[in-house]
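Trainee: below: sequence and its predicted model.
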Amino acid sequence: MNCYKSWLLENRNKLILVFVIYQVAILSIGIINYPYIDDVIRQLDGRTDFAWAYSRWGSEIASWLVQGSRHLTDMGLTTHILTGIILSFSSIIVVYVLNGKKLEWMPVTVSILIGINPWFLQCISFRFDSPYMALSILVSFIPFLWWNKNKCFFIASIVGVFLMCNTYQGSSGLYIIMVLALTFKTLTSNNSFLPSLKKVTLAAIAYVLAMIMYIFVTKLNPEMSTRDTAAIANIRELPSIIVRNITEYFSTIINQSAKIWIVFLLILLILFLISSIFRSEVSPAKSFIYSLVYLALGSIMSYGVFLISEHSLVTMAPRYGYGLSIFASITLIMLTQKINVRFLDISIKVVASLLFYYILTFSFIYASTLNVQKEAFERQSVILSTDLKNIVNNDRKQVYMNKLFKDSPVLLNSTRNYPILRDLVPKNESLYWPNITLFNTYSGLNVNIQPFDFNNFDSTSKNLETSNYYYDIFSEKNKIYIIVKD
């Protein structure tokens, strides 16, 4: 106990840094009070449905405990504070394990990218889900506290991977890349290959057993068979599907990234290859090969079980691709450990600090953009509801539109530097259920909005109710048509 107490006292400033930065970054998003996708309906009817809709029983039960009820309400910043705490523990555990229980300033700092990387920011945006998505990261890393104790590690791995599956399957690659990172460190320390192979085999067996247990759980849920995100590729098509998923995984993330992130990551990639040679206790050739294998396998396996998904999930939403950025964060933690080559050490720290700065500031840029998009939606909701209030009645609630509202010009400008914002920030123009539900919540009109193709629309037989800068509103009997202008 005294040993742990002295460790906490020795590292208290570094621990405080991690907790503070996480809270500031995450609360900047939470304070916007943006009802993100599923949040819209959860705020209204208090449903959980994590288990029934997604087979995430860990999230389901944890949400009951956090809320103190099986009926959910918006808890304000509580869930975001919990998310920050969980991610702080995750970062600290990774540094603790990879750095042999030592915490250095730079590895601790870059470890924060585990939770505030641009792709995981989408998970943080969910007001109801975010703590449980963060929990999937934490339980993926906890088993490695017993890395050197085979029996404890094996049991903890089965439990950890099973809990990960039951909280958020987007983290399914994290356990694998942590195994690869520790194996890489072991091999470059000139340890025997056979013990490393045995440890990897043990980890693989634990992972597969946990996955089999989870598959059994999903079979009890008929809802899962109807979801695209849960569909696994046919065995005959598996090789081509895996190649397609890998290709689209990398291409999508590259296309979503800011140019400055890519530049600094490429520089750090080169520095990693060079520094590995200086740190390694094996020959330079072996070290280089180990580094290439680690980078290749780690980047691919970071996609986890989504590699065998029938659909390319990363193209659907950024949150399906955060495994690669966490792999980059884990690699940075190893890279930024002190090295005795002064010039190389300084170069690594300078470039890593700049990358950390640009990604940290993006979390605030994202929060600001989310806020202006929300304000744009609210303003246009007021305008439209004002024009509709005298047209809509109990018998006339069917509304047909070509699109909903305009996106904020601030968002359109910001996407020039940060393409990922196109996928992170929900589009105001989209006629999908969260936007329609949100409009009805703001307006109280409870209209049934449906998409409509106006290419062959005959306006001569309709009554023109309103025409302004935003749209033209026509009516015909019990139907309302709204042509939103570009």
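Mentor: Right, received. Where do you want to start?

Trainee: domains of the protein?
Mentor: Domains of the chain are assigned by automatic domain parsing as 2-339, 370-484.

Trainee: out of those, which is the most enclosed?
Mentor: domain 2-339 (a mean of 19; mean count of other CB atoms under 10 Å). For the C-beta atoms, the positions are set from N, CA and C on the backbone; glycine is no exception.

Trainee: roughly how far out does that domain sit from the chain middle?
Mentor: 9 Å (CA atoms, centre = their mean, to the nearest Å).

Trainee: secondary structure element holding the nearest residue to residue 364 once chain neighbours are set aside?
Mentor: Nearest in space to residue 364, with sequence neighbours left out and distances taken as CB to CB, 6 or more residues apart in numbering, is residue 28 at 5.5 Å. Residue 28 is located in helix 12-30, with elements delineated by DSSP states H and E.

Trainee: outside of that helix, which residues touch it?
Mentor: 8, 76-77, 79-81, 83-85, 87-88, 91-92, 103, 105, 108-109, 111-112, 115-116, 121, 124-125, 127, 360, 363-364, 366-367, 370 (CB atoms under 8 Å, 6 or more residues apart in numbering).

Trainee: now the element after it, going C-ward?
Mentor: helix 39-45.

Trainee: quick revisit: out of the domains of the chain, the one nearest residue 355 is which?
Mentor: Ranking these by proximity to residue 355 (CB to CB) places domain 2-339 first, at 4.1 Å.

Trainee: next, the distance between the ends of the closest one.
Mentor: 30 Å (CA to CA, to the nearest Å).

Trainee: check stretch 249-267 too.
Mentor: Stretch 249-267: ends 21 Å apart by CA to CA.

Trainee: state the mean pLDDT of that stretch.
Mentor: Here stretch 249-267 scores 97 as its mean pLDDT.

Trainee: what sits up against that stretch?
Mentor: Residues contacting stretch 249-267 (CB under 8 Å, 6+ apart): 118-119, 299, 303, 306, 312, 314-315, 318, 321, 324-325, 328, 351, 354-355, 358-359, 362, 417-420, 423.

Trainee: filter those down to the ones in helices?
Mentor: Among those, the members falling in helices are 299, 324-325, 328, 351, 354-355, 358-359, 362, 423 (criterion: DSSP state H).

Trainee: just flag the most distant two among those residues.
Mentor: Using CB to CB, these reach their maximum pairwise distance at 351 and 423, which is 26.9 Å.

Trainee: now do the residue nearest to residue 364 against residue 366, distance only.
Mentor: 9 Å (CB to CB, to the nearest Å).

Trainee: distance of the closest residue to residue 140 other than its chain neighbours relative to residue 329?
Mentor: Spatial nearest neighbour of residue 140, excluding adjacent residues (CB to CB, 6+ apart): residue 174 at 4.0 Å. To residue 329, residue 174 is 10 Å away according to CB to CB.

Trainee: now swap in residue 305 and tell me
Mentor: In terms of CB to CB, residue 305 sits 20 Å off from residue 329.

Trainee: one more: residue 470?
Mentor: 43 Å.

Trainee: do the same with residue 74
Mentor: Distance from residue 74 to residue 329, by CB to CB: 30 Å.

Trainee: check which helix or strand covers residue 482.
Mentor: Counting by DSSP H and E, residue 482 is part of strand 479-484.

Trainee: same question for residue 472.
Mentor: Residue 472 belongs to strand 471-476 when elements are defined using DSSP H and E.

Trainee: for the stretch 201-350 of the chain, give me the ranges with low pLDDT.
Mentor: The model of the stretch 201-350 of the chain has pLDDT under 70 over residues 222-230.

Trainee: so which residues of it form helices?
Mentor: Here the stretch 201-350 of the chain has its helices, by DSSP state H, counting those that start in this stretch, at 238-256, 259-279, 284-301, 322-335, 342-388.

Trainee: out of these, the one nearest residue 145 is which?
Mentor: Closest approach to residue 145 among those (CB to CB): helix 322-335, 15.5 Å.

Trainee: then that closest one to PDB, C-alphas only?
Mentor: Only the C-alpha atoms of helix 322-335 are listed here, as PDB (Å, rounded to 0.1, in the frame of the first residue of the first chain):
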ATOM      1  CA  TYR A 322     -11.100   5.400 -33.900                       C
ATOM      2  CA  GLY A 323      -9.000   2.200 -33.400                       C
ATOM      3  CA  LEU A 324      -6.300   3.500 -35.800                       C
ATOM      4  CA  SER A 325      -5.900   6.800 -34.000                       C
ATOM      5  CA  ILE A 326      -5.600   5.000 -30.600                       C
ATOM      6  CA  PHE A 327      -3.000   2.700 -32.200                       C
ATOM      7  CA  ALA A 328      -1.100   5.900 -33.300                       C
ATOM      8  CA  SER A 329      -1.500   7.200 -29.700                       C
ATOM      9  CA  ILE A 330       0.000   4.000 -28.200                       C
ATOM     10  CA  THR A 331       2.900   4.200 -30.700                       C
ATOM     11  CA  LEU A 332       3.500   7.800 -29.700                       C
ATOM     12  CA  ILE A 333       3.600   6.800 -26.000                       C
ATOM     13  CA  MET A 334       6.500   4.400 -26.800                       C
ATOM     14  CA  LEU A 335       8.100   6.900 -29.200                       C
END
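
Trainee: that helix - contacts with which helices or strands?
Mentor: helix 78-98, helix 105-111, helix 113-116, helix 174-188, helix 238-256, helix 259-279, helix 284-301, helix 342-388 (3 or more CB pairs under 8 Å, 6 or more residues apart in numbering; DSSP states H and E).

Trainee: let's have the ones you listed in a markdown table, adding distance to residue 477.
Mentor: Shown next, in a markdown table, are those (distance: least, CB to CB, whole Å):
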| stretch | distance to residue 477 |
| --- | --- |
| helix 78-98 | 46 |
| helix 105-111 | 62 |
| helix 113-116 | 53 |
| helix 174-188 | 56 |
| helix 238-256 | 46 |
| helix 259-279 | 54 |
| helix 284-301 | 58 |
| helix 342-388 | 16 |
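
Trainee: what's the closest of those to residue 483?
Mentor: Closest to residue 483 of the helices and strands packed on helix 322-335, according to CB to CB: helix 342-388, at 12.6 Å.

Trainee: ok and that closest one relative to helix 259-279, angle-wise?
Mentor: 150 degrees (axes from the mean of the first three to the mean of the last three CA atoms, to 10 degrees).

Trainee: the following helix or strand past helix 342-388 packs against which elements?
Mentor: Next in sequence after helix 342-388, counting helices and strands by DSSP H and E, comes strand 398-401. On a contact count with 3+ CB pairs under 8 Å, 6+ apart, strand 398-401 meets strand 448-451, strand 479-484.

Trainee: distance to residue 412 and mean pLDDT for these - can I get that in CSV?
Mentor: Below are the helices and strands packed on strand 398-401 laid out as CSV (distance: least, CB to CB, whole Å; pLDDT from 0 to 100):
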stretch, distance to residue 412, mean pLDDT
strand 448-451, 22, 94
strand 479-484, 16, 94
